[in-house]
Structures are given as C-alpha cells and as structure tokens.
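**Q** What would the 3D arrangement of this be:
(2 chains)
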Protein chains: 2
Amino acid sequence: MRYELYYWSTIQGRGEYVRLALEDAGADYIDVARERGDKAIMPFLRGKQEGALPFAPPFLKAGRLVIAQTATILAYLGPRLGLVPGGQSAEMYAQQLQLTIADFVVEIHDTHHPLAVDQYYEQQRAAARKRSQAFREERVPKFLGYFEQVLERGNGRQALSRHSYVDLSLFQLISGLDYTFPNTMRRMQKRIPRLRALAERIAERPNMAAYLASPRRIAFNEEGIFRHYAELDRPGR
Amino acid sequence: MRYELYYWSTIQGRGEYVRLALEDAGADYIDVARERGDKAIMPFLRGKQEGALPFAPPFLKAGRLVIAQTATILAYLGPRLGLVPGGQSAEMYAQQLQLTIADFVVEIHDTHHPLAVDQYYEQQRAAARKRSQAFREERVPKFLGYFEQVLERGNGRQALSRHSYVDLSLFQLISGLDYTFPNTMRRMQKRIPRLRALAERIAERPNMAAYLASPRRIAFNEEGIFRHYAELDRPGR
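**A** Below is the predicted model:
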C-alpha cells in the first residue's frame, strides 16, 4: 500500500504527526502537496473527490479510503505500521493520549492567535502576550506534568509498553515547545525527565535520525503552529 | 454492562455528548458525580485508580476499562450501542466528524475564554467580544457549512446513512449554538436546512424526548461551554 498524505507543503503543522509515523515505520508514502503543490489538496476540500469529506488537512488517502483528522489517521495507521501495542485497551489509551496532545496543540496555536484564527499574529500581539503568559504559567506545567505522570505510572507503561505513535507525537511536542518557548522549557527541564529521555530516544531511532537530517523535515517556522516569538516566551535570566 | 460516566455534575459540557449517546440507546449507566458528588472524579485524575489516566472528565468506566476523551468514548460506545453504521469506513468517518465537532467546541469555548482558560470570563470580556465577532463571522459559517455539506453530499449520507452518535452530537451543537448565539443562528437559518431537520428529528426520538424533558438534562448555564452573553452575539435587528 502506497499511502498518500495531503498536507500543506511549507509547514510541519498537524501533518507532521502523520509524517513522523510514516517515516519511523519506513512506510511507502507520497507527501502529495510537496510533490505537486498545495493545489492538489483543494479538490478534496471542495468535495470534488469521492470518500469522506475532510474539513481541513491533514488527510490520508489509503486506496479508496479518505481519512481526515490527525488522531483518526494515526488510529488507522497505528496497527498497520506496528505503531501501537496490540489489543483494544492499548489502542484506546493511545487514542485518548493522542487527543490530549491535540488539545494541547490547539492551545499552543492559540498563544499566537487568541482573537481570530483567520487574522495575522501582528493584529493580535497584545492579546497573544496575555494568553501566552497564562499558557506558560498554568497550561504547560499541567499538560507536561500529565504526560510525565503517564510515563511514570505503572499502568501507563503497561498499556504503552512498546513503541507507539504517541511516543513520536510526544517527541514532536517537546521539539516544538523547545523551539517556541526555550526559556519556559529550560525552567521545566527538571520536572520532565521521562519526557526528555523519551524525546532523546526517539530522535536516535535510525529512521527518525535519517528523516530529521533530511530535507523532508521542514524546519520550524513562523507560519506553522510552533512559532518562536521571543516576546511570548518568559524573559531569559 | 452498567457503564459509569464521570463528568461534572452541574454542566452539560463535553460530558453531554456521552450522555446523549447513553440516553438515546437506553443504555444502563450511572452518572456518577450526579449521584455521589464531583469528588468521585478526583481519585481518577490523581492517578489513584487503575487503568488509563484521564487528563480531564468526561471519562467512562466500562468494567475495568477507563476511557477518556469524548471522541474515544463515543468510538468505543458506538458499535456497542448501535450508534454507528457497521464497517471500518463508516466508523472512521464518524470519528473524524466527531473530532471536527470537538474542534468547533474548543472554538466555542474560546469565545468566552480567549486569554486564559483558568481565569473568569469577567477578566477577559473585551478580548471575548473581539474573538466572538471573528468567530460569528468566519468560523460559524465555515463549520456549519461544512456539516451541512457532509449531510448534503452522497458519500456523507452513504457512510452515515443510519442513525449515529454523530447525529446526536450535531443536535447538541445546534441546540447549544441556538442558546449561545440566537441572533447569529437566526441569520444562519436558511443556510443549514439539513442540520435543522436533523436536530428536529433527533429531538423527537422517543428516548431523546424523554431525556430532554427529564431532570437528567441539565439546563444550559453560564458555567458550561455554551454560555449566553448577549454582548458576544451579533446585535438583534
């Protein structure tokens, strides 16, 4: 099966969680918009193609099946790529962790877009500073503390005892936050030893190391979800 | 199987999507916090219980299984309660629609909490007015237009040809928006005939009609996600 991933060609965005799964597993896939341009995405959004109607990219074409929403794509790919432990209990735990990652990603996006999704950051900078402060002080410790606890506790490790797409997504989350809020993340350093160890382990997996060093890995940039605006981070010491 | 739903006892919130599924199917369940108080939720959030660690309610206990995240709970219950058509394609389409509803719900929440999840509405009213305007003008037509298109197009109807938990969630979405933004929704009226018909049909299902008329249905209120603040709606004519 050659999978077709449809996602914007210039950003990591939500498509990156799918790219990491496909790359880590060494799957046969085409990153369609990077080969044919973003216009290849539009017929699907306009309902000109058969199958499920996506609200937005990313979506995956697997044969005749069109699958949208990052977490649904990963739930589909997980068992097929060996990226989730077997059994319903583990699959559902992986899925709920992925949805909690998705919730966190929305809040990360909203730090630079608190007032309007469709307007530029520059039109909402003052509000972005307020939202980012609350996010850094309340939400980062809450979410990262939660994932650290999942890794720490016996049941979490049992359900996700083997490598999974959740590990890859947590790697992406930590990498993105390091880029976006370096001062905040330095201050969190001692509170998330298991997340740090996981991120390092993932980066060293052969397929991942090759991908991250390749031109297929788009650099973080200020068009994506993880944006570095120094004024939104906590002040350095 | 007697299901145990854990969700805050005083609001509809995200728990309501699960309540509607359980009620519509006539399932045997306990709404735990409404019987024993919200404190019954805490041991799970603190990791004092076995099974998956929830980040937040709602979560469902089904035997020894703990399932968190609304969409994961519905994906689990769907086939068991006859609330999703059979087959992987339909189940995945239902799931991606449910996740798009969840994305919309986050944006609805953020209209009254644009700056900080953990602060009061009264502390962010000016920003809430800005966010709500952009939301009403750009996001409501985009999301509702999408769901209307899903109902309109052949493939959508084929995949979800039978009654499903997505229908129940769309009913909740329309009901909540009618409460929250009555003027905006009046103006949308002619553009969403299929969503309107669906919402009416759902409200007339015997189990749903009985539930909606019962004290088990918590009224919309200004502690939940769908809040009516007249200053956030478009002005009446």
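
**Q** tell me the secondary structure for A:Ile30?
**A** Classification of A:Ile30 into helix, strand or coil gives strand, according to DSSP: H, G, I helix; E, B strand; the rest coil.

**Q** let me fix that: A:Glu4
**A** A:Glu4 - assigned by three-state DSSP - is strand.

**Q** Next, count neighbours for it.
**A** Using other CB atoms under 10 Å in any protein chain shown, A:Glu4 is surrounded by 16 other residues. In this view, the C-beta of every residue, glycine as well, is placed from N, C-alpha and C.

**Q** what is the rounded mean pLDDT of the longest helix along chain A?
**A** With secondary structure taken from DSSP state H, chain A has its longest helix at helix A:88-112. For helix A:88-112, mean pLDDT rounds to 96.

**Q** Next SSE downstream of that helix?
**A** The helix or strand immediately downstream of helix A:88-112 is helix A:125-134, counting by DSSP states H and E.

**Q** Strands of chain A, start to end?
**A** Remark: strands assigned in chain A by DSSP state E are A:3-6, A:29-31, A:59-62, A:65-68.

**Q** any chance of those strands in JSON lines, plus distance to A:Thr111 and mean pLDDT?
**A** Below are these laid out as JSON lines (distance: least, CB to CB, whole Å; pLDDT from 0 to 100):
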{"stretch": "strand A:3-6", "distance to A:Thr111": "27", "mean pLDDT": "98"}
{"stretch": "strand A:29-31", "distance to A:Thr111": "27", "mean pLDDT": "98"}
{"stretch": "strand A:59-62", "distance to A:Thr111": "26", "mean pLDDT": "98"}
{"stretch": "strand A:65-68", "distance to A:Thr111": "25", "mean pLDDT": "96"}
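
**Q** Would you format those as JSON lines with distance to chain B included?
**A** Shown next, in JSON lines, are these (distance: least, CB to the nearest CB, whole Å):
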{"stretch": "strand A:3-6", "distance to chain B": "13"}
{"stretch": "strand A:29-31", "distance to chain B": "18"}
{"stretch": "strand A:59-62", "distance to chain B": "8"}
{"stretch": "strand A:65-68", "distance to chain B": "5"}
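
**Q** now the ones you listed as a markdown table including distance to B:Ser164?
**A** Shown next, in a markdown table, are these (distance: least, CB to CB, whole Å):
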| stretch | distance to B:Ser164 |
| --- | --- |
| strand A:3-6 | 25 |
| strand A:29-31 | 30 |
| strand A:59-62 | 20 |
| strand A:65-68 | 17 |
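
**Q** Compare these and report which one is nearest to A:Arg201.
**A** Relative to A:Arg201, the nearest member of those by CB to CB is strand A:29-31, separated by 23.6 Å.

**Q** who does that closest one pair up with?
**A** Using DSSP bridges, strand A:29-31 pairs in its sheet with strand A:3-6 (parallel).

**Q** Residues contacting the strand it pairs with, please?
**A** Outside of strand A:3-6, the residues that reach it under the criterion CB atoms under 8 Å, 6 or more residues apart in numbering or on different chains are A:15, A:18-19, A:22, A:27-33, A:40-41, A:44, A:54, A:57-62, A:77.

**Q** Pull out the buried residues from those residues.
**A** For those, burial is judged from neighbour counts taken by 16 or more other CB atoms under 10 Å in any protein chain shown, and it is met by A:15, A:18-19, A:22, A:27, A:29, A:31-33, A:41, A:44, A:54, A:57-62, A:77.

**Q** Can you give me the neighbour number for A:Leu173?
**A** Neighbour count for A:Leu173, taken as other CB under 10 Å: 21.

**Q** do you know how far it is from A:Gly82?
**A** Summarising the geometry, the distance separating A:Leu173 from A:Gly82, computed by CB to CB, to the nearest Å, is 22 Å.

**Q** Which residues belonging to stretch A:165-183 are considered buried?
**A** Counting neighbours by 16+ other CB under 10 Å, one finds that the buried residues in stretch A:165-183 are A:165-181.

**Q** domain parsing for chain A?
**A** Using automatic domain parsing, the domain parsing of chain A gives A:3-80, A:88-232.

**Q** what stretches of chain A score poorly on pLDDT?
**A** Where chain A drops to pLDDT under 70, the residues are A:154-161, A:237.

**Q** one step back: and the domains of chain A, which is most packed in?
**A** By mean neighbour count, with neighbours taken as mean count of other CB atoms under 10 Å in any protein chain shown, domain A:3-80 ranks first of the domains of chain A at a mean of 20.

**Q** In contact with A:Asp28, which residues?
**A** Shown here is A:Asp28, whose contacts under the criterion CB under 8 Å, 6+ apart are A:1-3.

**Q** Now it: phi and psi?
**A** A:Asp28 adopts backbone torsions of phi -80, psi 110, taken as degrees, to the nearest 10.

**Q** Distance of the closest residue in space to A:Leu77 that isn't next to it in sequence relative to chain B?
**A** Once its chain neighbours are removed from consideration, A:Leu77 has its nearest residue in A:Ala21; the separation is 5.4 Å (CB to CB, 6 or more residues apart in numbering or on different chains). In this structure, A:Ala21 and chain B are separated by 16 Å, where distance is defined by CB to the nearest CB, to the nearest Å.
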